[in-house]
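S.K.: Here's my sequence, what's the structure:
(4 chains)
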Number of protein chains: 2
Amino acid sequence: MGAGSRYDGEVLAALRREDRFRSCQEVHALIADSRGGPQRPPSLSTVYRTLHRLAREGEVDTIQSEDGERLYRRCETPSHHHLLCRVCGHAQEVPHARELRTVLTRVERSTGFTGLAYSLEFAGVCPDCA
Amino acid sequence: MGAGSRYDGEVLAALRREDRFRSCQEVHALIADSRGGPQRPPSLSTVYRTLHRLAREGEVDTIQSEDGERLYRRCETPSHHHLLCRVCGHAQEVPHARELRTVLTRVERSTGFTGLAYSLEFAGVCPDCA
DNA sequence: GAAGATTATGATAACCGTTTTCATTTTGGC
DNA sequence: GCCAAAATGAAAACGGTTATCATAATCTTC
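M.R.: Next comes the predicted model:
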């Protein structure tokens, strides 16, 4: 095959390990940690390249953190509604998705914009951290 | 007073000149352009500092562009719903704001999260550019 | 209005996440 | 095994942002 990386599996596994957005460097560190023995982890460059490609292929979602880092998360659903905890970083899907979608579709129709995409990000403190 | 800049007015005027998000460097260039004579524009550092402070004070909204730039816009309403044209960069408020707010508030209540803030960004091609 | 303290400014360097470069290694086809 | 094509690693380059620090402007108090 043409466009694969030896490390796709490990990168996706690292992202799946916990339900939150991770920076590329976090992913790199996670992979390094999960290798006990003498195995060498992929280089940082490779992790950057792999995440970049996975994002382009739609396998992972990306958002920009407030300080300009790009964060990645395994893409579970085509919708892009996330609820982030500012303290622990936990990310979950936003409930009421259908209701939201209804309103958002209505917005799309009434604006005349085409090729519309939206991203909705919530940030707060989750019950566990409060 | 303690926390003012000589250039607040010019920075805000530059942001008001068109209804779109602008990078700090764009703002800097706009100010420089709007000065015909021998007047020296503020330095880039000062524009960075001024925008940073205005954002902290809630005078301007900020978003992160896809390639990691921080973009600023005059804050017209406390809500953060924007509709961006990918071609011309025009930004407008999203209609159906009240409906949206209702759903979003419902989301807040049912998640148990506290200190919730959200940002909703639409991107598409506006009728003029289509 | 002058003297001294405080704050803002400008030029430049430092920072840091990301991307590019390129030599080397690995992979795939024959 | 041999050759072409693709992936990898290490380090340099990049670009937006922030920190540093000397200088200039502003404010306070007399």
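S.K.: for chain A, what's the longest helix?
M.R.: The helix spanning the most residues in chain A, taking DSSP state H as the definition, is helix A:97-111.
S.K.: now for it, which elements pack on it?
M.R.: strand A:114-125, helix B:97-111, strand B:114-125 (3 or more CB pairs under 8 Å, 6 or more residues apart in numbering or on different chains; DSSP states H and E). To be clear about C-beta, it is placed using only N, CA and C from the backbone, and glycine gets the same treatment.
S.K.: In the longest one, which residues are buried?
M.R.: Translated: helix B:97-111. Within helix B:97-111, the residues that qualify as buried by neighbour count (16 or more other CB atoms under 10 Å in any protein chain shown) are B:100, B:103-104, B:107-108, B:111.
S.K.: still on that earlier bit, now the angle from the longest helix of chain A to helix B:97-111?
M.R.: For helix A:97-111 and helix B:97-111, the angle between their directions (axes from the mean of the first three to the mean of the last three CA atoms, to 10 degrees) works out to 170 degrees.
S.K.: Just give me how far helix A:97-111 sits from the chain centre.
M.R.: For helix A:97-111, the gap between its own C-alpha mean and the chain's C-alpha mean amounts to 23 Å (CA atoms, centre = their mean, to the nearest Å).
S.K.: Please apply the same query to stretch A:41-57.
M.R.: Using CA atoms, centre = their mean, the distance from the centre of stretch A:41-57 to the centre of the chain it belongs to is 13 Å.
S.K.: That one: which residues count as buried?
M.R.: Going by neighbour count (16+ other CB under 10 Å), the buried part of stretch A:41-57 is A:41-42, A:46-48, A:50-51, A:53-54.
S.K.: Okay then, goodbye and thanks.
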